[in-house]
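Peer 1: sequence and computational prediction follow.
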Amino acid sequence: MPVEAYAATRPQEGRSANEDAFLVDTVGTPLIALCDGAGNAERAAKKVLRLFRKLFEEATPEELVRFPTWASWVRVLDSSLLGGSQSTFVAGAAVGDRVVGACTGDSRAYLIDRDGNARILAENGNGSTGKFRLGSGRAQAAPIHFQLQPRDVLLLLSDGAWTPLSLELLRRAVVGASLKHFSEVPQAVLDAASRTGRADDMTAVALRVRS
């Protein structure tokens with residue numbers, strides 16, 4: 001299924017360094033990922049994405065669609081940062097007509113479907129998802145698994161991007177920008193999140209099946 005994916009990121013107001021890192025790849029199996037580092041954060045987030053990319057590329061299609069594969073990757077990524085900086089992790093891959101992935105820490109994944117309805121797919125909270133960051137030694141993967149329809153949007157946000165936004169404000173930003181060029185969706189989300197300032201680094205990554 002042909003997909004398109006774009007990302008946008010902005011540093012915290014008054015700072016030039018950005019501690020978020022993202023991955024967008026639409027060659028082969030489409031993949032998007034986002035990490036929000038802490039401590040020596042920029043390097044931690046990029047280190048996670050480098051290792052994750054290697055694990056992903058070595059997996060078979062059969063392994064990609066199984067959540068235990070993603071859970072095992074989160075454990076490997078968690079161990080890779082032990083004793084140092086920590087990072088959130090959220091990622092999704094379009095495998096056939098499904099999106100599969102995982103989330104740990106306080107970054108989030110959302111689905112804005114083709115009818116304009118928005119819901120959270122994975123988040124930190126309520127004891128039902130992985131609230132601990134990679135590097136804590138306690139990171140657990142929350143699953144992302146759903147059928148992707150044409151014009152559905154998978155959206156990954158760091159906490160700096162989702163915290164200022166209600167689900168309705170997020171929905172409006174995505175739906176409005178989707179009527180233009182899809183590349184404008186991440187920027188529109190960050191514009192909406194920045195209206196009261198940028199208290200943290202903020203990143204948005206969006207993926208959609210072409211209609």
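Peer 2: Looks like it came in fine.
Peer 1: assumed residue 109 was part of a strand.
Peer 2: Yes: applying DSSP: H, G, I helix; E, B strand; the rest coil, one finds residue 109 inside a strand.
Peer 1: I'd say it and residue 158 touch.
Peer 2: No: contact criterion Cβ atoms under 8 Å: residue 109 and residue 158 do not qualify, at 11.3 Å. C-betas here are computed from N, CA, C, even on glycine.
Peer 1: which regions of the chain lie under the pLDDT threshold?
Peer 2: Within the chain, the stretches with pLDDT under 70 are 1, 39-42, 123-130, 199, 211.
Peer 1: ok, the residue most central in space within it - contacts?
Peer 2: Centroid-nearest residue in the chain, with Cα atoms, centre = their mean: residue 156, separated by 3.2 Å. By Cβ atoms under 8 Å, 6 or more residues apart in numbering, the contact set of residue 156 is 22, 32-34, 90-92, 107-110, 203-206.
Peer 1: which one's more surrounded, residue 109 and residue 158?
Peer 2: Neighbour count, other Cβ atoms under 10 Å: between residue 109 and residue 158, residue 158 has more, with 31 against 26.
Peer 1: isn't residue 8 right up against residue 187?
Peer 2: Yes: Residue 8 lies in contact with residue 187 (Cβ under 8 Å); the separation is 4.8 Å.
Peer 1: what is in contact with the two at once?
Peer 2: Residues touching both residue 8 and residue 187 (Cβ under 8 Å, 6+ apart): residue 204.
Peer 1: ok, those two, which is more surrounded?
Peer 2: Taking other Cβ under 10 Å, residue 8 and residue 187 do not tie; residue 8 has more neighbours (20 against 17).
Peer 1: ok, longest helix in this protein?
Peer 2: Across the chain, the longest stretch assigned as helix under DSSP state H is helix 41-58.
Peer 1: so which elements touch that one?
Peer 2: With contacts taken as 3 or more Cβ pairs under 8 Å, 6 or more residues apart in numbering; DSSP states H and E, helix 41-58 sits against strand 20-25, strand 31-38, helix 67-80, strand 86-87, strand 89-95.
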